[in-house]
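> With the input below, show me the fold.
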Amino acid sequence: QVQLVQSGGGLVQAGGSLRLSCAASGLSRGTFTSYAMGWFRQAPGKEREFVGYITWSGRQTQYTDSVKGRFTVSKDNTKRTAYLQMNNLQPEDTAVYYCAANGAASVRVGEYSYWGQGTQVTVSS
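So this is what the prediction gives:
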């Protein structure tokens, strides 16, 4: 059974940084290597939205405009873990953040096969 377990998150002041981790279990290292990893977020009363993804090879990343230059997605295949480094956080970044895994990278929520449990990120002004 594939599981994505998230860690990190919490409360930070505006301008601060956080790193989220997403560890995969139930996948061999080779299988994890073949998966693209996406990050999404959901603020209260809003739909889940795309934040960024990294392709299976790690050669390509894509971000939503509001986080470009501030957030970085990466993956460590030896550890079967993906990361979301968030710098210069702003109050509008406050949301529950989710990682997701899929064979192909996508900006669409419905395209992903596996999801993490979500972790709260709160940015105070």
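
> quick one, what contacts the closest residue to Gly8 other than its chain neighbours?
Distance criterion Cβ to Cβ, 6 or more residues apart in numbering; nearest residue to Gly8, sequence neighbours excluded, is Leu20 at 4.1 Å. Glycine gets a C-beta too; all of them are placed from N, C-alpha and C. Leu20 makes contact with 6-9, 39, 83-84, 86, 97, 99, 119, 121 under the criterion Cβ atoms under 8 Å, 6 or more residues apart in numbering.

> same thing but at 7 Å, please
6, 8-9, 83-84, 97, 119 (Cβ atoms under 7 Å, 6 or more residues apart in numbering).

> Can you tell me which of these has the most neighbours?
With neighbours set by other Cβ atoms under 10 Å, the maximum within the contacts of Leu20 is found at Leu84, which has 28 neighbours.

> The helix or strand harbouring that residue pairs with which strands, and in what direction?
Here Leu84, judged by DSSP states H and E, is contained in strand 81-86. Partner strands and pairing direction for strand 81-86 (DSSP bridges) are strand 18-25 (antiparallel), strand 71-76 (antiparallel).

> What average pLDDT does that strand get?
Strand 81-86 shows an average pLDDT of 97 in the prediction.

> For the residue nearest in space to the middle of the chain, give its distance to Ser57.
Closest to where the C-alpha atoms of the chain average out (Cα atoms, centre = their mean) is Trp39, at 2.8 Å. With distances taken as Cβ to Cβ, to the nearest Å, Trp39 is found 17 Å from Ser57.

> Mind listing what's buried along stretch 96-105?
When neighbours are counted by 16 or more other Cβ atoms under 10 Å, the buried residues of stretch 96-105 are found to be 96-102, 105.

> give me the low-pLDDT residue ranges for the protein?
Nowhere does the chain drop to pLDDT under 70.

> Surely Gln62 is in a strand?
Yes: secondary structure assignment (DSSP: H, G, I helix; E, B strand; the rest coil) places Gln62 inside a strand.
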